[in-house]
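>>> mind looking at a prediction? Sequence and model below.
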Amino acid sequence: MTATATEASAVRDAGGATVEFRGLRRVFGTTTALDGLDLTIRPGELVALLGPSGCGKTTALRIVAGFEQPDAGQVLVDGEDVTGVPAHRRNAGMVFQSYSLFPHLSAADNVAFGLRMRGVGTAARRKRATELLELVGLPEHGDRFPHQLSGGQQQRIALARALALEPKVLLLDEPLSALDAKVRVTLRDEIRRLQLELGITTLFVTHDQEEALSTADRVAVMHGGRLEQCAPPAELYDTPATAFVAEFVGTMNRIPGRTGNDGTVEVLGRRLPSRGEARPDTGVDALVRPEALDVTPGGDARVVTASFHGAVTRLTLALADGTTLKADVPSHRAPELPAGAAVTVGLPDRPVLVDDRTA
Amino acid sequence: MAAITATTAKPKNRPRYWRGIVAVVAGLYFLGPLVVSVIFTVDVPNQGFTLSAYTGILGAAGFLSSLRLTLELAVATIVVVLLLLVPAMIAVRLSAPRLRTLIEIVCSLPLVVPAVALTAGIVSVLRWGPTTLARTPLYETILQIQNPSFPVVLVLAYVLMALPLAYRTLDAGLRALDLVTLVEAARNCGASPARAVLRVVLPNLRGALLNTAFLTLALVLGEYTVASILGFTPFAVWIVGIGGSQAQMSVAVSVLSLVLTWVLLLILAAAGRGPSFRTSSRKLKVKETS
Amino acid sequence: MTTASAATPSPAAADDLGGGAGTALAPPSAPSAPSMWRRKPGGWLAVLPLLLFIAVAFGLPALAIAIGAFTTTDDAPGGAQWTTGNLSLSVHGAYFTALMGSVKLSALTALLGVVLGLPLAQAVVTSRFRALREAVLAASGVLANFGGVPLAFAFVATLGNSGELTKLFHLGDHGWSLYTFSGLTLVYLYFLVPLMVLTITPALEGLRVQWREAAQNNGATARQYWLHVALPVLAPSLLGGFVLLFGSAFAAYATAAAMVGSSVPLITLQIADALSGNVLVGQGNVALALSLDMILIAGLVMAVYVPLQRRSARWLR
């Protein structure tokens, strides 16, 4: 560990920069990839850009790297507008989705490529490449060629290459999406460890919410080219700002209810404070997580199926009015709630998020 | 980052002059001779504009007979190529995978022997006829395959020359099919092995078969080397023959034969629409350009 | 009621269970139908005609070349006997000049073909107009095969002694003649450049956008990208293309025969000439020796081409 720390210090000088998106717009033909994106990433922070495909997250990243030009808006790095700076003069290291290593160069030469472009001498290049290969845990693989490396090793080399020029910003464009589940988790944790050690400002594009929630300091959920919410993972999960975020992150139930005139909502026979935008005195859906529902034996709801997920068992419930819900209960309670059992569904004493009723 | 100063230049919007220059130069070089050839055929010295070079083609001595000979040779070549290759390649995939490399090597052999060298070999084999084989029944065979009205020896040579290209085209077609699963599925539905191949495999190979046929046709249409040295007169040899006396007409026929090749390739493109055509158009490169 | 994909807090045990079930339900190993087939001799029977055909149609001429190149003809004093005279004759005097002429012409045209074909192919590959790309590739397919007679006549009509452009610009007065080494070079490029475009296009398409972007991201300018990434990655394909073009130009006969007669010494023309009986008494088999020379060179070309192709396929997968 101490060895890693000293190696890391060699890179740490790079430090972290502030990255600011200001009103970024980008249109491709008829599709609007970015529709006025505003976001500030603080020095040393890891922000995950999360969203469904086509939400503009990759476009935003590529604008920082200089591969795309915004139609309007600016990108500021440490307060300086870099929008017009050509890609090869930006100080931002990028890790691509896959297959980005140069196939004719060994791992070490790939890592040292940027130094070679800068005219750094062979000895210095070799030294730096060795350092970086150790940093990503592949000190023995410098002589291997990309086709001799596994997918996970290739991405580690790509990470080392991205860090070689001591960039102020690290850009990760779904770097784990082409890997198997196990490697994905290991490498994800490794990236986070390195990022914390180096204190480098990092933008991490992903469509995998688990990846985003488990690695990032803050997760920025994007939808239709706009920012829906940017918050720490727990906050995002517990108090989603919009219905889109609520349903995109995690599993969410929609339970029919009715708003009152006093900022409350009546749902499942209870009246609770409401959050979110909804007109008073209208039919709405209350958004509730499966684990927030309280299921007790006896009542007019029915258990349709129960599926064992380890620590918890997920029940599919049918309410008397036909609404289907999902509820997670601790598995030790599952025997008292078998399929077909009559149950009552209760809500916790918390404000609930409401949304216009769908369907 | 301090070194970076904001410039307004957007790299993506930089015009790419080189592309235009390349396009113009290539266009002039490749279209020029064709356009000028057409002008050459309709602009006869001392006569001005005339289409006589084209109208005269049909009546020219030897045109129809040489064209017919070429087409007959082409049909025979296509039939032999397909009959030899298709069963062998299907069988190799279904039941004798160990032979696959052998077939590939054997079919690539003709690439190493240029057409002229092949012809030299053929000439010397044919000379064995009157010398060493004169008293054997083989002599009769050797005379027969040189019958000027339908020289079988040319078919033999053309099949050889077509093999590498045909192999690659069919191989690309077969690669796109999961042949074993396809046949197993057909047999599972009650088809006999023969029926499975006839009713399931061949229809799925239609594109590759058509490609092979057209490419072989194009090869035979333009073939000059073997035929001229062996002394037969198919289409290409006839064109050169009239070139000395009727320059306009020979160029006119050349232009027409190019148009014909082009039309063939367009048909090929239409027939094999989809990925198979792109594959085959690349495989064209293997064809020997004699 | 809407659900998104599994929430993070939901237990990871599900994955383990799924994995276990997956293993249990793994499809049974491949059914035995192929092995049933394998027992039948059908495979061999279907392959046999092809092998027989090659043995006769290819084997006999090849054998004739192999034997003939090392024997004298019957009309030689002393009748047919083993000799290396044909081969030594084939690499001396006029024959050697022709061999070297072919090698020089092929090397020059192949080099020019590579140098000119690469930018053309790059322009085609990066073109925004899909229809144009398809059209150029289809046209290349035609032109690469447009060698031979029609090509010769098209150039004769354009730049020959009484060709349209020759007359228009009085090129003859400036010393231009199509029926020379340089004239032939110009004509050969007409089918070699398209051949290069066809050969290199898949390799150019195999150049990943990520490589360009990764290079830029590492501070490389466009020139540095080409110098340090694109060209080295393309090198096997370019060399392979050169070799293929060389072989194609080397084997070409019809174009030269229809155009220049024998004013430019080429080995293919010499072979045809020798086959027509234009040889000294006793040297009848020199054509076979020349053919053997050609086969050796063509074989060498293939021996270089195949491994290069393999390597570039591995890189550009």
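Perfect, I can see it now.
>>> first-to-last residue distance for stretch A:212-232?
For stretch A:212-232, the first-to-last residue distance is 10 Å (CA to CA, to the nearest Å).
>>> hmm, that stretch touching chain C?
Yes - contact check for stretch A:212-232 against chain C, using CB under 8 Å from any CB of the partner chain: residues in range are A:Leu213, A:Ser214. Every residue, glycine included, has its C-beta placed from N, CA and C.
>>> mind listing what's buried along that stretch?
Residues of stretch A:212-232 classed as buried by neighbour count (16 or more other CB atoms under 10 Å in any protein chain shown): A:212-213, A:215-223, A:225-231.
>>> and those, which of them are in helices?
For the buried residues of stretch A:212-232, the ones inside helices are A:Ala212, A:Leu213, A:Thr215, with DSSP state H as the criterion.
>>> can you count the residues close to A:Leu54?
In this structure residue A:54 is Gly, not Leu. 15 (other CB atoms under 10 Å in any protein chain shown).
>>> could you do the one 5 residues further on as well?
A:Thr59 sits with 23 neighbouring residues when counted by other CB under 10 Å.
>>> quick one, what contacts it?
Under the criterion of CB atoms under 8 Å, 6 or more residues apart in numbering or on different chains, the contact list for A:Thr59 reads A:Arg26, A:Ala33, A:Leu34, A:Glu68.
>>> tell me which helix or strand it sits in.
The secondary structure element spanning A:Thr59 is helix A:57-65 (assigned by DSSP states H and E).
>>> now that helix - C-alpha only, CSV.
C-alpha atoms of helix A:57-65 as CSV (Å, rounded to 0.1, in the frame of the first residue of the first chain):
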residue,chain,number,x,y,z
LYS,A,57,-24.2,11.9,-21.5
THR,A,58,-21.6,10.7,-24.0
THR,A,59,-21.9,13.9,-26.0
ALA,A,60,-21.2,16.0,-22.9
LEU,A,61,-18.1,13.9,-22.2
ARG,A,62,-16.9,14.2,-25.8
ILE,A,63,-17.3,17.9,-25.7
VAL,A,64,-15.0,18.1,-22.7
ALA,A,65,-12.5,15.9,-24.6
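>>> the closest residue in space to C:Trp44 that isn't next to it in sequence and C:Val306: what is the separation?
Among residues not flanking C:Trp44 along the chain, B:Ala96 sits closest, at 6.4 Å (CB to CB, 6 or more residues apart in numbering or on different chains). When CB to CB, to the nearest Å is the yardstick, B:Ala96 and C:Val306 sit 24 Å from each other.
>>> turn the contacts of A:Thr59 into TSV, including distance to chain B.
TSV is the format used below for these (distance: CB to the nearest CB, whole Å):
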residue	distance to chain B
A:Arg26	12
A:Ala33	15
A:Leu34	16
A:Glu68	8
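>>> so C:Tyr179 makes contact with C:Met259?
Yes - C:Tyr179 sits in contact with C:Met259 when judged by CB atoms under 8 Å, with a separation of 6.7 Å.
>>> the more surrounded of those two?
Neighbour count, other CB under 10 Å: between C:Tyr179 and C:Met259, C:Met259 has more, with 23 against 15.
>>> host element of the closest residue to that one other than its chain neighbours?
Closest residue in space to C:Met259, ignoring its immediate chain neighbours: C:Ala152 at 4.1 Å, by CB to CB, 6+ apart. Using DSSP H and E, C:Ala152 sits within helix C:149-159.
>>> where does the prediction get shaky in chain C?
Of all residues in chain C, those with pLDDT under 70 make up the ranges C:1-43, C:73-81, C:145-147, C:262, C:278-284, C:313, C:316-317.
>>> one more: the stretch 1-150 of chain B?
Applying pLDDT under 70 to the stretch 1-150 of chain B flags the ranges B:1-16, B:45-46, B:129-140.
>>> where along it do the helices fall?
B:17-42, B:52-55, B:63-94, B:100-112, B:115-128, B:137-144 (DSSP state H, counting those that start in this stretch).
>>> which residues sit against the fourth one?
Counting contacts by CB under 8 Å, 6+ apart, the residues outside helix B:100-112 that touch it are B:85, B:88-89, B:92-93, B:118, B:160-161, B:163-164, B:166-167, B:171, B:286, B:288, C:47, C:50-51, C:54, C:58, C:247, C:295, C:298-299, C:302.
>>> ok, and which of the residues you listed reach chain A?
The subset of the contacts of helix B:100-112 lying close to chain A, counting by CB under 8 Å from any CB, is empty.
>>> type out the ChimeraX command that picks the buried ones from those residues.
To isolate in ChimeraX the members of the contacts of helix B:100-112 that are buried, counting by 16+ other CB under 10 Å, one can use:
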select /B:85,88,89,92,93,118,160,161,163,164,166,167,171,286,288 /C:47,50,51,54,58,247,295,298
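>>> what lies in contact with the helix or strand C:Ile271 falls within?
Taking DSSP H and E as the definition, one finds C:Ile271 inside helix C:267-275. Identification of contacts with helix C:267-275 by CB under 8 Å, 6+ apart yields B:114, B:116-117, B:119-120, B:123, B:225, B:228-229, C:94-95, C:98-99, C:101-102, C:250-253, C:256-257, C:261-262, C:283-284, C:286-287, C:290-291, C:293-294.
>>> could you redo the last one with a cut-off of 6 Å?
Surrounding helix C:267-275, the residues in contact under the criterion CB atoms under 6 Å, 6 or more residues apart in numbering or on different chains are B:116, B:120, B:123, B:229, C:95, C:98-99, C:102, C:253, C:256, C:262, C:286-287, C:290.
>>> so can I have TSV of these showing neighbour count?
Conversion of these to TSV gives the following (neighbours: other CB atoms under 10 Å in any protein chain shown):
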residue	neighbour count
B:Val116	29
B:Ala120	31
B:Val123	24
B:Ile229	24
C:Tyr95	24
C:Ala98	22
C:Leu99	21
C:Ser102	25
C:Tyr253	27
C:Ala256	27
C:Ser262	14
C:Val286	24
C:Ala287	33
C:Leu290	30
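>>> turn these into CSV, including secondary structure and distance to B:Phe63.
Supplementary listing: the contacts of helix C:267-275 in CSV, determined by DSSP: H, G, I helix; E, B strand; the rest coil; distance: CB to CB, whole Å:
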residue, secondary structure, distance to B:Phe63
B:Val116, helix, 27
B:Ala120, helix, 30
B:Val123, helix, 27
B:Ile229, helix, 22
C:Tyr95, helix, 37
C:Ala98, helix, 34
C:Leu99, helix, 37
C:Ser102, helix, 33
C:Tyr253, coil, 24
C:Ala256, helix, 25
C:Ser262, coil, 27
C:Val286, helix, 36
C:Ala287, helix, 32
C:Leu290, helix, 34
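>>> including distance to chain A, could those residues go into CSV?
Formatted as CSV, the contacts of helix C:267-275 follow (distance: CB to the nearest CB, whole Å):
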residue, distance to chain A
B:Val116, 38
B:Ala120, 42
B:Val123, 47
B:Ile229, 45
C:Tyr95, 42
C:Ala98, 39
C:Leu99, 36
C:Ser102, 33
C:Tyr253, 38
C:Ala256, 38
C:Ser262, 45
C:Val286, 46
C:Ala287, 44
C:Leu290, 40
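>>> with adjacent residues omitted, what lies nearest to the closest residue to chain B within the stretch 201-350 of chain A?
Closest approach of the stretch 201-350 of chain A to chain B (CB to the nearest CB) occurs at A:Thr201, with a separation of 11.6 Å. Setting aside the residues directly before and after it, A:Thr201 is nearest to A:Gly16 in space (CB to CB, 6+ apart), at 4.1 Å.
>>> let's verify the one you found: helix, strand, or coil?
At A:Gly16, secondary structure determined by DSSP: H, G, I helix; E, B strand; the rest coil is coil.
>>> that one against A:Glu197, yeah?
No - applying CB atoms under 6 Å, one finds A:Gly16 not in contact with A:Glu197, separated by 11.9 Å.
>>> neighbour count: the two, which is higher?
Taking neighbours as other CB under 10 Å, A:Gly16 and A:Glu197 compare with A:Gly16 leading, 22 against 16.
>>> got the contact list for the more buried one?
With contacts taken as CB under 6 Å, 6+ apart, A:Gly16 has the following neighbours: A:Pro43, A:Gly44, A:Gly199, A:Ile200, A:Thr201.
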